[in-house]
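K.L.:
Provided below are the primary sequence and the corresponding predicted coordinates.
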Amino acid sequence: MARKEFIEDSEELRAVIADLKSKTEKTEKTAPLPETEAESAESEEEEFPPESYDEDSFTDDSFGEEIAYDSFEDRINDTIAMDGIGEAVTRQEEELKSRQALERASAREKRASHEEEGERQRAPKERRVSGKRKKKKDDNVIISLEGVSKSYVKGVPALNNVNIKIRKGEFVFIVGGSGSGKSTLIRLLLRELQPTRGQITVNGYRVDNMWRGKIPKLRRSIGVVFQDFRLLHDRNVYENVAFAQRIIQTPAREMKRNVPDILATVGLAGKYKAKPEELSGGEQQRVALARALVNKPPILLCDEPTGNLDPRMTIEIMNLLDRINQNGTTVVVVTHNEKIVNDMRKRVITIKKGVVISDEEKGGYIDEDY
């Protein structure tokens, strides 16, 4: 009996299975297939609309990627500084742009430098040589007056727009009548006066605007000989010359060597113990020359050095000045002695009423009525 029931059950089960299979095949045959992926997606959206999603029904694996991303961002936000990742990245980008800008500027500067060097190399050879000669000539100027004017009374200039350049080692006469401005010029070079207008340079010193504390240093580089000699009458020849050395604090050992040497140069070695009143006018002028030269200045200014001398002594003094000039000293002689100017044939600058009217190499004396 039991066997019979089992068989019946099996037959009934098989019938049920067959019926289910038949229904399934029928359904597959009659169900329409989606024509495109878009239609399939629409079908899925209709079957499972977004609003019907139940978050609890999905596992972490369903949105693993999104959960991992949110988690990472949360972890970053918990650990970064308060100013945030965006500002840090912005700063890095700005630093990078700044470095790039500096590199571009440096590259442009290098290109400009190369182009400038190329221009110099392509410049004509004659132009470069000319520039060098000009620079050498400027370096050789030891006395320069540029647009110099000096007025004692307003509207009455003793010198008016004077432009003079004297080179190292030159012998120059400055001539003109009384009141022409010659003595004013000497006093400006010695910084006894300041110009009303213009620039004066002497042996590298700007004289026109010089601070008072530097004036003694300027004057030590200039030897000066005056018409009236200006000797110390209470001292002998040796002491008059040594006085110039004591001013610059020359050591006694050097002084004992320098003074006899310069006295021998001017021809007074045998009269070193004589007082000024025991000497002739020419000899006194020689003492004044020795005193001006003992410190070996590069410039010698002589203001009417032969004004009180007879013709024979005048020639001797001028020959001595010529020898001093040949040894390298720049000599500037202010005079109105027409004969010595015409005889020596040196450079002659003529001043009339404060204005330079002539400047000639190997020139001669120009009459005041010129």
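P.N.:
Here it is on my side, so go on.
K.L.:
The residue lying closest to M255 once chain neighbours are set aside: what secondary structure?
P.N.:
In this structure, M255 finds its nearest non-sequential neighbour in Q245, 4.7 Å apart by CB to CB, 6 or more residues apart in numbering. (Each C-beta comes from the backbone N, C-alpha and C, glycine too.) What DSSP: H, G, I helix; E, B strand; the rest coil gives for Q245 is helix.
K.L.:
and Q245, how many neighbours does it have?
P.N.:
20 (other CB atoms under 10 Å).
K.L.:
ok, now I247?
P.N.:
The number of residues packed near I247 is 12, by other CB under 10 Å.
K.L.:
Give me the pLDDT value at it.
P.N.:
I247 carries a pLDDT value of 90.
K.L.:
Let me see the contact set for it.
P.N.:
R220 (CB atoms under 8 Å, 6 or more residues apart in numbering).
K.L.:
For the remainder of this discussion, apply numbering that starts at 43.
P.N.:
Okay, residue one is now 43; in that scheme the one you just asked about reads as I289.
K.L.:
Which residues are in contact with the residue nearest to M297?
P.N.:
Applying CB under 8 Å, 6+ apart, the residues contacting Q287 are E296, M297, N300, V301, V336, N337.
K.L.:
and if you look at N202?
P.N.:
So N202 contacts S191, K395, G396, V397 (CB under 8 Å, 6+ apart).
K.L.:
do A332 as well
P.N.:
V283, I304, L305, T307, V308, L310.
K.L.:
distance of it from N282?
P.N.:
Separation of A332 from N282 (CB to CB, to the nearest Å): 8 Å.
K.L.:
next helix or strand past the helix or strand R333 falls within?
P.N.:
R333 is part of helix 323-335, with elements assigned from DSSP states H and E. Elements were assigned by DSSP H and E; along the chain past helix 323-335, the next helix or strand is strand 341-345.
K.L.:
now the helices: where do they sit in the stretch 193-342 of the chain?
P.N.:
Remark: helices assigned in the stretch 193-342 of the chain by DSSP state H, counting those that start in this stretch are 224-231, 257-262, 279-289, 294-307, 323-335.
K.L.:
Check the contacts of Q287 for burial and list the buried ones.
P.N.:
Listed as buried from these are M297, N300, V301, V336, N337; burial here means 16 or more other CB atoms under 10 Å.
K.L.:
Confirm for me that the last one is in contact with G265.
P.N.:
Yes: between N337 and G265 there is a contact at 7.2 Å, judged by CB atoms under 8 Å.
K.L.:
show me where pLDDT drops low in the protein?
P.N.:
43-55, 58, 63, 65-134, 158-180, 409-412 (pLDDT under 70).
K.L.:
quick check: domain ranges of it?
P.N.:
What automatic domain parsing lists as the domains of the chain is 184-263+339-412, 273-337.
K.L.:
Now distance to R56 too, for the ones you listed, in TSV please.
P.N.:
Putting the domains of the chain into TSV (distance: least, CB to CB, whole Å) gives the following:
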stretch	distance to R56
domain 184-263+339-412	130
domain 273-337	142
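K.L.:
Around F268, count how many other residues there are.
P.N.:
When neighbours are counted by other CB under 10 Å, F268 registers 16.
K.L.:
Repeat that for G246.
P.N.:
Using other CB under 10 Å, G246 has 10 neighbouring residues.
K.L.:
was I right about P199 contacting S191?
P.N.:
Yes: with contact defined as CB under 8 Å, P199 counts as touching S191 (5.3 Å).
K.L.:
Mutual contacts of the two, please.
P.N.:
In terms of CB under 8 Å, 6+ apart, P199 and S191 are both contacted by the residues T238, G396.
K.L.:
more neighbours, those two?
P.N.:
More crowded of P199 and S191, by other CB under 10 Å: P199, with 20 against 15.
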